[in-house]
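K.L.:
Structural data only, the sequence is not supplied:
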């Protein structure tokens, strides 16, 4: 919320606007969103660029089902005919055309092999194309993983060292990078925690695969922990990393 956003929704729009500028998205671009989540990034970008086309690659069946429902809603840009959803694994993905731009927000915290992933993404990118990567990062000597988040939140997740992406330059090379102070992400987690607690009457009846009381303890501990984690050392150790890459 460094740009004066009043809530999470406005903060998210500011972040995507910043991404648009850094990736230099132009109307008419053909863009791949690797790990497109719930579809908010392509939906927002297509709302601003009437001729941009998007392909979303997503391994999560639950997220893909949500996006498919959104694609049926007339007010959603995901249903504009300019968005294609591909449910599947990056390792197995094949496309008939190359992309002007590729972006990935948050997904590389779940990617274990940067070399192979960058090689695959490079094969999808047009000559002269650009790849924008946004991740959780740490400014410590080593990559970090957490037993707790591995067991309960994000299996096999990791937090890449800020130098990890630039050090992998075989197929893609980093031409610019940015460190986003962790205080911003700490504030985000604090807002997620408040929203979760304020929505108790709604979230208590959702399906979690485990007893809700247990899930609530696990989830609240994770959120509270990360509020503190990203605020520690004035946000200078744990934060977000953004990287702009091109063909090596």
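P.N.:
That came in fine, so what should we check first? Keep in mind that what you see is a predicted model, and the values were worked out from it rather than measured.

K.L.:
Which parts of the lengthiest helix in the chain count as buried, going by neighbours?
P.N.:
For the chain, the helix with the greatest residue count under DSSP state H is helix 212-231. Applying a neighbour-count criterion of 16 or more other CB atoms under 10 Å, one finds 215, 216, 218, 219, 222, 223, 226, 227, 229, 230, 231 buried in helix 212-231. Using the backbone N, CA and C atoms, a C-beta is placed for each residue, glycine as well.

K.L.:
distance of the residue most central in space within the chain from residue 23?
P.N.:
Nearest to the mean C-alpha position of the chain, by CA atoms, centre = their mean, lies residue 105 at 2.3 Å. Per CB to CB, to the nearest Å, residue 105 is found 11 Å from residue 23.

K.L.:
Number of residues surrounding residue 69?
P.N.:
12 (other CB atoms under 10 Å).

K.L.:
okay, it: pLDDT?
P.N.:
We note a pLDDT of 98 for residue 69 in this prediction.

K.L.:
looking at this protein, which helix or strand is least sure?
P.N.:
helix 147-152 (a mean of 92; mean pLDDT, DSSP states H and E).

K.L.:
tell me which residues of that helix are tucked away?
P.N.:
Neighbour-count burial for helix 147-152 [16+ other CB under 10 Å]: 149, 152.

K.L.:
Do a quick rundown of the strands in this protein.
P.N.:
Along the chain, counting by DSSP state E, strands occupy 30-34, 53-58, 83-87, 99-105, 125-138, 160-161, 172-180, 238-247.

K.L.:
returning to what we had before: contact partners of the longest helix of the chain?
P.N.:
By CB atoms under 8 Å, 6 or more residues apart in numbering, the surrounding residues in contact with helix 212-231 are 148-149, 152-153, 182-183, 185-186, 189-190, 192-193, 196-197, 203-204, 206, 208, 238-239.

K.L.:
Quick check: helices, which of those are part of them?
P.N.:
Among these, the residues falling in helices (DSSP H) are 148-149, 152, 182-183, 185-186, 189-190, 192-193, 196-197, 203.

K.L.:
from these, which is closest to residue 19?
P.N.:
Proximity of those to residue 19 (CB to CB) peaks at residue 185, which lies at 15.4 Å.

K.L.:
What distance do you get for the closest residue to that closest one other than its chain neighbours to residue 90?
P.N.:
Among residues not flanking residue 185 along the chain, residue 230 sits closest, at 4.4 Å (CB to CB, 6 or more residues apart in numbering). For residue 230, the distance to residue 90 equals 27 Å [CB to CB].

K.L.:
hang on, the earlier thing: can you tell me the closest non-neighbouring residue to the residue nearest to the centre of the chain?
P.N.:
residue 134 (4.5 Å).

K.L.:
Could you report the distance from the one you found to residue 213?
P.N.:
Distance, residue 134 to residue 213, by CB to CB: 34 Å.

K.L.:
now do residue 39
P.N.:
With the distance defined as CB to CB, residue 39 ends up 31 Å from residue 213.
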